[in-house]
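Engineer: got a predicted model here, sequence first, then my questions.
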Amino acid sequence: VGPERWRVVDKKGFISFDWIVKSFQQVKTSDIVIVNLPQAEGFIPAIMGRLLGKKVLSVYHCEVILSEGIFNGMVNYTLNCLNRLTLSLSQQIITYSKDFADHSRILPSFKKKLQYVYPPIQEPIINKRVQNIISRKIGIKKGLLIGVAARLAAEKGIEYLIEALPQIKSK
């Protein structure tokens, strides 16, 4: 990758004076600042990085979609504005796919900065003996078993998997 020093300044949630000081110390000694989004406070290290002449790179993982309501609407609007600020301060934006970027509420405004890094997916080796043991333990005699190792949230698109089940079962 080269001689650059990488530091990830990533702390979600509460912003304290100590966090700001530590972020500044990390940004000051780094060549590249990487900000993981979405997060409201990402603009702070991005501003520090730009002021100190560092390269600022953002990784845009997902969109936050909160349930309906006035408070959630204000939170969502504020978060989107702060994420847009961080992305505008970034020289480069990484996301997982062009399809995600094209359908994002935020990313189409930053097309010239976007790069896509697809997550590596290794095809698992299926151990039939273990598969049969698991099927017996959970009570599935024959059929399709799909597991999801994730936080179930609207932005993950689980509803598309559920909608596709009839087509998957027919194959």
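Structural biologist: Cool, the structure landed.
Engineer: now the residue lying farthest from the centre of the chain. Its backbone dihedrals?
Structural biologist: Here the chain reaches farthest from its C-alpha mean at residue 141, the gap being 36.5 Å by Cα atoms, centre = their mean. Per-residue torsions, residue 141: phi -80, psi -50 (degrees, to the nearest 10).
Engineer: right, and it touches residue 135 too?
Structural biologist: Yes. Using Cβ atoms under 8 Å, residue 141 is in contact with residue 135, at 7.4 Å. C-beta here means a position set from N, CA and C on the backbone, and glycine is covered the same way.
Engineer: the residue farthest from the centre of the chain: what's it in contact with?
Structural biologist: Counting by Cβ atoms under 8 Å, 6 or more residues apart in numbering, residue 141 touches residue 135.
Engineer: check it and give its pLDDT.
Structural biologist: Residue 141 is assigned a pLDDT of 70 by the prediction.
Engineer: likewise for residue 67?
Structural biologist: So residue 67 comes in at 83 (pLDDT).
Engineer: work out for me the element it sits within.
Structural biologist: Residue 67 belongs to no helix or strand when elements are defined using DSSP states H and E.
Engineer: number of nearby residues for it?
Structural biologist: For residue 67, the count of nearby residues is 8 (other Cβ atoms under 10 Å).
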